[in-house]
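Undergrad: Kindly generate the corresponding structure for this input.
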Amino acid sequence: MREAYLGIDVGSISTKGVILNENKEILSSAYIWTEGNPIGAVKELVGLLKQNFDDKAYKVVATGTTGSARRLAGTITNATIVKNEITAHAVGTTSFYPETRTILEIGGQDSKIILVENGVAVDYAMNTLCAAGTGSFLSSQSRRLGIEVEDMGEIALKSKHPTQIAARCTVFVESDLVHKIQMGHSREDIVAGLCQAVVANYLNNVGKGKRIVSPVVFQGGVSKNVGVVAAFEKALKCKVRVDDYAHLMGAIGAALLAKNGNVRREFDFSMEDVEFKTREAKCGRCSNNCEIVCVYRDNQMIDAWGNRCEKGDVMHRNARR
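TA: The predicted structure follows:
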């Protein structure tokens, strides 16, 4: 039976998963909404991945998790490796495009830039406070305009004179958008202006002070918006590559990290039927008063984190008992 490798990327908006074979070919993939329930999303994702996976020919021998809920996902899947998004995206991208120098990534609620030299991430930055350069912002504005967010890119490309929209932050963009609508700007021009505002906000915040060098790869859910891609190419004056699996690249990177790791552990697809719960507890054993997150599998604690000193090491205390 041939080896396969599972990668899971759990973000605040979406949860992505892939199963790769030894040749980095995708055997199964899935993309779903997290909906504020990362445990439920991971279990649903595993079920979807299982549907298209040939378990007669392949066996998943290593699992990697990444994303904002990577530790929680790693705990419930018994992952062999847990890595941050910067590493996962860099590994995934350079494995397919080794010449890459800049990775632009825009997701549902966050965005990042990764600078690469000789296949290694040497610098990065992430958005902090403003959400005007993210997918959730585009989704909210599409609802305001009465169009599907998936259609925004094609609509933007029809514009001859994109509307100039303030790009400093979400509040200013929304205020300016309403003003331009009331002035009678066409829908095509407004949508194109929104795409350009997303790019301007990204470059002025996430990309500020960064030397963006070609070849450039664009990833994340927003990379599927051809209007934003065109706006990036206009602003950067270079070609911006978007892979067919750009929205899955974090999960692909996690799978490759698991593949290249030293630990082998067969993945149990039946975990989708297991009950997992999280509970919060206050330590209170010192002035830090840490909030400890405890994860239970069928009412048995399997992991805990959040402590800033050994007094809050719940797992260690339980082990001694």
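Undergrad: Go through this protein and flag its longest helix.
TA: The longest helix of the chain (DSSP state H) is helix 187-205.
Undergrad: So which elements touch that one?
TA: Applying 3 or more C-beta pairs under 8 Å, 6 or more residues apart in numbering; DSSP states H and E, one finds that helix 187-205 contacts strand 102-106, helix 135-145, helix 152-157, helix 170-183, helix 226-236. C-beta coordinates here come from the backbone N, C-alpha and C atoms, glycine included.
Undergrad: got a list of contacts for the first one?
TA: The set of residues external to strand 102-106 that reach it, using C-beta atoms under 8 Å, 6 or more residues apart in numbering, is 85, 89-90, 93, 111-116, 133-135, 198, 202, 207, 212-223, 228, 232, 240, 249.
Undergrad: Pairing partners for that strand, with directions?
TA: Note on strand 102-106: by DSSP bridges, its sheet partners are strand 111-117 (antiparallel), strand 216-219 (parallel).
Undergrad: what's the angle from that strand to helix 226-236?
TA: When axes from the mean of the first three to the mean of the last three C-alpha atoms, to 10 degrees is applied, the directions of strand 102-106 and helix 226-236 differ by 140 degrees.
Undergrad: In CSV, could you pull the C-alpha coordinates for stretch 81-95?
TA: The C-alpha trace of stretch 81-95 is given here as CSV (Å, rounded to 0.1, in the frame of the first residue of the first chain):
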residue,chain,number,x,y,z
ILE,A,81,3.5,18.1,12.9
VAL,A,82,1.9,21.5,13.7
LYS,A,83,3.3,24.5,11.9
ASN,A,84,2.5,28.2,11.5
GLU,A,85,0.9,29.6,8.3
ILE,A,86,4.0,31.4,7.2
THR,A,87,6.0,28.2,7.0
ALA,A,88,3.2,26.2,5.5
HIS,A,89,2.5,28.7,2.7
ALA,A,90,6.2,29.1,1.9
VAL,A,91,6.8,25.4,1.8
GLY,A,92,3.7,24.7,-0.3
THR,A,93,4.5,27.5,-2.8
THR,A,94,8.2,26.8,-3.3
SER,A,95,7.6,23.1,-3.7
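Undergrad: Begin at 45, not 1, for the rest of this chat.
TA: Yep, numbering from 45; the last one is stretch 125-139 now.
Undergrad: which residues are contacting it?
TA: Under C-beta under 8 Å, 6+ apart, the answer for stretch 125-139 is 51, 53, 68, 106-112, 114-115, 117-118, 144, 147, 149, 156, 158, 160, 163-165, 168, 261, 263, 293-298, 300-302, 305, 307.
Undergrad: again, but for stretch 266-282
TA: 148-151, 178-179, 182, 194, 196-201, 235-236, 239-240, 242-244, 247, 256, 258, 260, 262, 283-284, 286, 290-291.
Undergrad: ok, now stretch 252-265?
TA: With contacts defined as C-beta under 8 Å, 6+ apart, stretch 252-265 is touched by 57-58, 133, 137, 141, 143-152, 155, 157, 159, 167, 169, 179, 273, 276, 280, 282-287, 290-291, 293-294.
Undergrad: Next one: the closest residue to Cys327 other than its chain neighbours from Glu335, what distance?
TA: Excluding the flanking residues, the one nearest Cys327 by C-beta to C-beta, 6 or more residues apart in numbering is Gly356, at 4.0 Å. Applying C-beta to C-beta, to the nearest Å, one obtains 9 Å for the distance of Gly356 from Glu335.
Undergrad: and for these two, which residues touch both?
TA: Shared contacts of Gly356 and Glu335, defined by C-beta under 8 Å, 6+ apart, comprise Cys327, Gly350.
Undergrad: Just say which of the strands paired with strand 146-150 is most tucked in.
TA: Neighbour counts (mean count of other C-beta atoms under 10 Å) averaged over each of the strands paired with strand 146-150 peak at strand 260-263, with a mean of 24.
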